[in-house]
Structures are given as C-alpha cells and as structure tokens.
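sequence and computational prediction follow.
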Amino acid sequence: MKDNKTYTLTKAEIQIMNILWDMPGGGCVHDIIAHYDEPKPAYTTIATFMKILQNKKFVEYRKTNGKTHIYYPLMTKEEYTRQVMAEVKENFFGGCKSSFLKFFAREEKLTQDDVQELINMINEPNQ
C-alpha cells in the first residue's frame, strides 16, 4: 500500500536536509555531523533523525562496505519548497495566488525595483 501522506519537516530536520542537499552523492551520519558547529550533536541523535527522515520518505540510504549507510535525499530542495509553498497558499490563502503574493509583497516591503525584477522574471521566456 502506497503512503500518499505528505510530511513537513521540523527545524532540526530541515537543518539536516540542507546539509544533504549540499552533498552530491549523499553522506553518512559522520559526514552530516561534520557540517555542524560546536557543540556537535551526538551520533545517536543524527542517526535517529535519519530514521525519522527515512520514515517520512525524505531520505533513503545505500550500504557501503560494512554497516555504513550513505543517506541521500529523495526530493530536491526546490521540490520541497514548492510543496510547502503550495500548502501555505492553499491553507492560508484559499489557493488564491494574488492574495498570497499581495501578502508576501506587503510583509517583505518589496521595493519598486523588487517588483520590476519579478515582472521581468515573469516576462522572460522559459529556458
């Protein structure tokens, strides 16, 4: 049976995913820990998060020699961002693009230059 549930990431999970998204070819728990500032998290903490991320279907692993697991993301950062933004648009703005964009423009205090940059981007042919 396929699990169609979509999951969101916690702040700690996003931190790990950002590390993995920046690691072509994936990495083991020790590789992930190496990207943290001091004090570094415990091996067991990151290993637990990797199991959670695997259960949520954000990562998978392949075994190397011995017991080492190399984790890699199952979706890109762009795919996850697109999913989250679609949920925000639907849940907070009833799916209305213009309401979503107006809110963003007001909250971010977009300048005329920012707006013009967006207009230029919209008018560019898809590449």
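Sure thing, it's come through.

how far away is Y72 from K109?
38 Å (C-beta to C-beta, to the nearest Å). C-beta here means a position set from N, CA and C on the backbone, and glycine is covered the same way.

elements contacting the longest helix belonging to the chain?
Longest among the helix segments of the chain by residue count, using DSSP state H, is helix 77-93. Counting contacts by 3 or more C-beta pairs under 8 Å, 6 or more residues apart in numbering; DSSP states H and E, helix 77-93 packs against helix 11-21, helix 97-107.

ok, Y72 and K109, which is more surrounded?
Between Y72 and K109, counted using other C-beta atoms under 10 Å, Y72 has the larger neighbour count: 15 against 7.

beta-bridge partners for G27, please?
With beta bridges defined as DSSP bridges, G27 has these partners: Y71.

give me the pLDDT for it.
On pLDDT, G27 comes in at 95.

so it sits against P73, correct?
No - contact between G27 and P73 fails when scored by C-beta atoms under 8 Å: they sit 10.5 Å apart.

find residues that contact each of those two.
L20 (C-beta atoms under 8 Å, 6 or more residues apart in numbering).

ok, back up a step: which parts of the longest helix of the chain are buried?
Residues of helix 77-93 classed as buried: 80, 89, 93 (neighbour count, 16 or more other C-beta atoms under 10 Å).

show the pLDDT at the closest residue to the second one other than its chain neighbours.
Excluding its sequence neighbours, the residue lying closest to K89 (C-beta to C-beta, 6 or more residues apart in numbering) is F100, at 4.7 Å. The model reports F100 with a pLDDT of 94.

so where's this structure shaky on pLDDT?
Within the chain, the stretches with pLDDT under 70 are 1-5, 126-127.

try 90 this time
Along the chain, the parts satisfying pLDDT under 90 run over 1-8, 24, 63-67, 105, 115, 118-119, 122, 124-127.
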